[in-house]
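In: Below are the sequence and a predicted model for it; my questions follow.
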Amino acid sequence: MDPRINPFSPGAGSPPPELAGRSPILDHAAISLDRLRNGLHARSMILVGLRGVGKTVVLNRIHMLAQEAGYHAAFIEANERKTLAQLLLPALRQILYTLNLRENVSDKTRRALRVLRSFIGSLGLKAKAGLGDLELELAIDPETGSADSGDFEADLSELLQAVGEAAADRKRAIALCIDEVQYLHEKEFGALIMALHRVSQRRLPLALIAAGLPQVRGLAGRSKSYAERLFEYPEIGPLRPSECEEALQIPVRNQGAAFSREALDEIIQVTQGYPYFLQQWGYEAWNSSAGPIIELADIHRATKLSIRRLDQSFFRVRFDRLTPKEKDYLHALADMGPTAHRSGEIAARLGVKIQSVAPVRDALIRKGMIYSPIYGETAFTVPLFDEFMCRVMPPSRSLPSRPGDRSVSLPAKSLPTPG
Ligand SMILES: Nc1ncnc2c1ncn2[C@@H]1O[C@H](COP(=O)(O)OP(=O)(O)O)[C@@H](O)[C@H]1O
Ligand SMILES: [Mg+2]
């Protein structure tokens with residue numbers, strides 16, 4: 001059918017034509033935001049899930065909900081190269097400026113700006129350098145003695161409280177939406193949690209809504225033991241079959257076409273309900289089909305095309321960021337099958353001691369490639385990445401062949417050779 005009106009949207013953070021299965025969490029977020037704005041208690045939220053399940057899309061929606069509810073909301077994406085200060089401070093400054101512009105001058109807002117200035121003043125030279133001209137641009141005197149002790153945790157706490165007070169004074173609320181929080185350093189994350197703890201004890205109208213890979217749970221727990229009580233961790237997972245059906249069928253129905261029953265069942269089975277893959281398969285199926293009914297044979301073609309696409313992009317960009325040692329580690333893990341495996345067994349498969357590959361495993365966790373679903377176990381954060389590893393890396397002679405019937409989805413015979 002006409003690719004110009006193809007409704008599907010595979011891609012990181014691309015809003016899907018039909019956001020299936022996420023109303024409960026969006027409703028819950030809307031209630032929490034309302035409560036917090038009205039001075040009631042609401043826990044901060046960290047959306048947790050593997051890559052491609054739709055965390056960014058949900059976080060974007062919550063960001064919009066917050067704006068609709070009258071919040072000043074910032075959307076921040078953490079990454080490996082930026083410190084928390086670099087991510088947070090420009091956003092806070094922006095929010096404070098907007099608060100300050102609203103009506104005539106407010107003491108609390110001016111104070112928050114001065115605290116922000118002294119917070120920046122207390123940062124080390126390197127951290128400051130990463131902030132560009134922010135300090136000078138503030139054009140306000142620092143509030144000496146506030147948020148400038150040099151203890152990042154205490155200072156951030158003071159800063160966020162000052163910002164929260166400014167918002168309360170203006171009868172406004174602030175939402176900080178932070179994506180990819182697993183990239184924050186443990187200390188920074190700990191400081192952020194501590195600061196929120198204070199803000200929440202004082203019922204200040206400042207909300208954190210974050211999203212990250214499953215390792216954030218451990219990161220938060222290690223940083224601060226009370227993180228458990230401070231946050232809730234809604235899990236964003238694969239969609240149920242009925243939700244997959246909505247995600248696929250509603251967009252094509254809106255264009256006067258439809259998936260046949262067999263076609264739907266096949267996509268649901270092959271994609272295992274992973275939202276990114278649903279968009280990918282939907283996209284290729286639409287283009288492959290003569291229409292108006294998308295048939296099973298169209299899905300078979302879509303599977304070939306989708307895997308080729310994923311191999312070139314979604315999987316490939318992650319693979320290209322790996323060192324040879326990291327590739328070997330992931331290859332061994334992939335070779336053992338798609339579930340989680342004990343770290344000791346992976347080391348044994350590589351023929352090395354567990355301690356000697358621990359740094360490689362740590363680096364892969366930091367890169368967001370693997371995580372530890374339970375202590376001592378390791379699994380991929382990207383669904384179907386194990387099958388990609390086996391396609392892209394020839395079987396190693398030192399490794400025994402993969403045990404058992406492991407692939408329920410993508411039969412190796414039908415796969416195109418990666419180019
Ligand atoms: N609930 C959903 N229903 C249908 N498609 C979705 C849904 N959530 C996400 N998607 C699609 O999945 C892909 C990945 O979404 P994204 O938010 O980037 O995932 P993540 O941030 O978890 O890696 C996008 O193409 C998006 O359109
Ligand atoms: Mg994302």
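Out: Structure's in. What do you need? Numbering: from 1, shown residues only. Ligands and ions are numbered 1, 2, ... in the order given.
In: give me every residue that touches the residue in the chain positioned nearest to ligand 1.
Out: Ligand 1 sits closest to G54 of the chain, with a gap of 2.5 Å, by CB to the nearest ligand atom. Any C-beta I mention is one placed from the backbone N, CA and C, and that applies to glycine too. Contact analysis of G54 by CB atoms under 8 Å, 6 or more residues apart in numbering lists 16, 19, 22, 236, 275-276.
In: Same list, those, but as JSON lines with distance to ligand 1 and neighbour count please.
Out: Shown next, in JSON lines, are the contacts of G54 (distance: CB to the nearest ligand atom, whole Å; neighbours: other CB atoms under 10 Å):
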{"residue": "P16", "distance to ligand 1": "3", "neighbour count": "21"}
{"residue": "L19", "distance to ligand 1": "5", "neighbour count": "18"}
{"residue": "R22", "distance to ligand 1": "5", "neighbour count": "20"}
{"residue": "I236", "distance to ligand 1": "6", "neighbour count": "22"}
{"residue": "P275", "distance to ligand 1": "3", "neighbour count": "28"}
{"residue": "Y276", "distance to ligand 1": "4", "neighbour count": "24"}
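In: The helix or strand hosting R349 packs against which elements?
Out: Under the criterion of DSSP states H and E, R349 resides in helix 343-350. Counting contacts by 3 or more CB pairs under 8 Å, 6 or more residues apart in numbering; DSSP states H and E, helix 343-350 packs against helix 324-335, helix 354-366, strand 377-380.
In: Quick check: the gap between the residue of the chain closest to ligand 1 and P17.
Out: 13 Å (CB to CB, to the nearest Å).
In: shared neighbours, those two?
Out: Counting by CB under 8 Å, 6+ apart, G54 and P17 have no common neighbour.
In: Break the chain into its domains for me.
Out: 3-12+239-312, 23-232, 316-414 (automatic domain parsing).
In: now the helices and strands packed on helix 343-350 in TSV, with distance to E246 and mean neighbour count?
Out: Listed next are the helices and strands packed on helix 343-350 as TSV, based on distance: least, CB to CB, whole Å; neighbours: other CB atoms under 10 Å:
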stretch	distance to E246	mean neighbour count
helix 324-335	32	20
helix 354-366	34	15
strand 377-380	27	20
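In: Any chance of JSON lines for those, columns distance to G70?
Out: Putting the helices and strands packed on helix 343-350 into JSON lines (distance: least, CB to CB, whole Å) gives the following:
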{"stretch": "helix 324-335", "distance to G70": "46"}
{"stretch": "helix 354-366", "distance to G70": "38"}
{"stretch": "strand 377-380", "distance to G70": "41"}
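In: Please tabulate the ones you listed in TSV, including the columns mean pLDDT.
Out: Below are these laid out as TSV (pLDDT from 0 to 100):
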stretch	mean pLDDT
helix 324-335	95
helix 354-366	93
strand 377-380	94
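In: Those into TSV, with extra columns for distance to ligand 1?
Out: Below are these laid out as TSV (distance: least, CB to the nearest ligand atom, whole Å):
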stretch	distance to ligand 1
helix 324-335	18
helix 354-366	17
strand 377-380	13
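In: Heading C-terminal from the helix or strand encompassing R301, find the next helix or strand.
Out: R301 is part of helix 296-312 when elements are defined by DSSP H and E. Toward the C-terminus, helix 296-312 is succeeded by helix 314-319 as the next helix or strand (DSSP H and E).
In: Can you point out the buried residues in that next one?
Out: Buried residues in helix 314-319, defined by neighbour count with 16 or more other CB atoms under 10 Å: 314-315, 318-319.
In: tell me which element S32 falls in.
Out: Element membership of S32, judged by DSSP H and E, is helix 23-37.
In: Does that helix reach ligand 1?
Out: No - Helix 23-37 does not reach ligand 1 (CB under 6 Å from any ligand atom); its nearest approach is 9.7 Å.
In: Okay, buried residues for that helix please.
Out: 25, 29-30, 32-33, 36-37.
In: Just the residues contacting it, thanks.
Out: Counting by CB under 8 Å, 6+ apart, helix 23-37 makes contact with 41-43, 45, 47, 58, 61-62, 65-66, 69-71, 173, 175, 205-207, 209, 234, 236, all of which sit outside it.
In: right, and the helix or strand after it?
Out: Assigned by DSSP H and E, the successor of helix 23-37 is strand 44-48.
In: That next one near ligand 1 anywhere?
Out: No - Strand 44-48 does not reach ligand 1 (CB under 6 Å from any ligand atom); its nearest approach is 8.3 Å.
In: Give the rounded mean pLDDT of the helix holding R301.
Out: Averaging pLDDT along helix 296-312 gives 96.
In: Could you do stretch 211-230 as well?
Out: Mean pLDDT, stretch 211-230: 79.
In: Quick one: end-to-end length of it, please.
Out: In stretch 211-230, first residue to last residue: 15 Å (CA to CA, to the nearest Å).
In: Please apply the same query to stretch 251-258.
Out: This stretch, stretch 251-258, spans 9 Å end to end (CA to CA).
In: Which positions in that stretch come out as buried?
Out: Within stretch 251-258, the residues scored as buried using 16+ other CB under 10 Å are 251-252, 255, 257-258.
In: Return the subset of the residues you listed lying in strands.
Out: Secondary structure from DSSP state E places A258 of these in strands.
In: Could I get the buried residues of stretch 251-258 in CSV, plus columns for pLDDT and distance to ligand 1?
Out: Shown next, in CSV, are those (pLDDT from 0 to 100; distance: CB to the nearest ligand atom, whole Å):
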residue, pLDDT, distance to ligand 1
P251, 98, 9
V252, 98, 13
Q255, 96, 16
A257, 98, 17
A258, 98, 17
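In: Quick one: name the residues of the stretch 251-400 of the chain near ligand 1.
Out: Near ligand 1, when you scan the stretch 251-400 of the chain using CB under 6 Å from any ligand atom, you find 275-276, 278-279.
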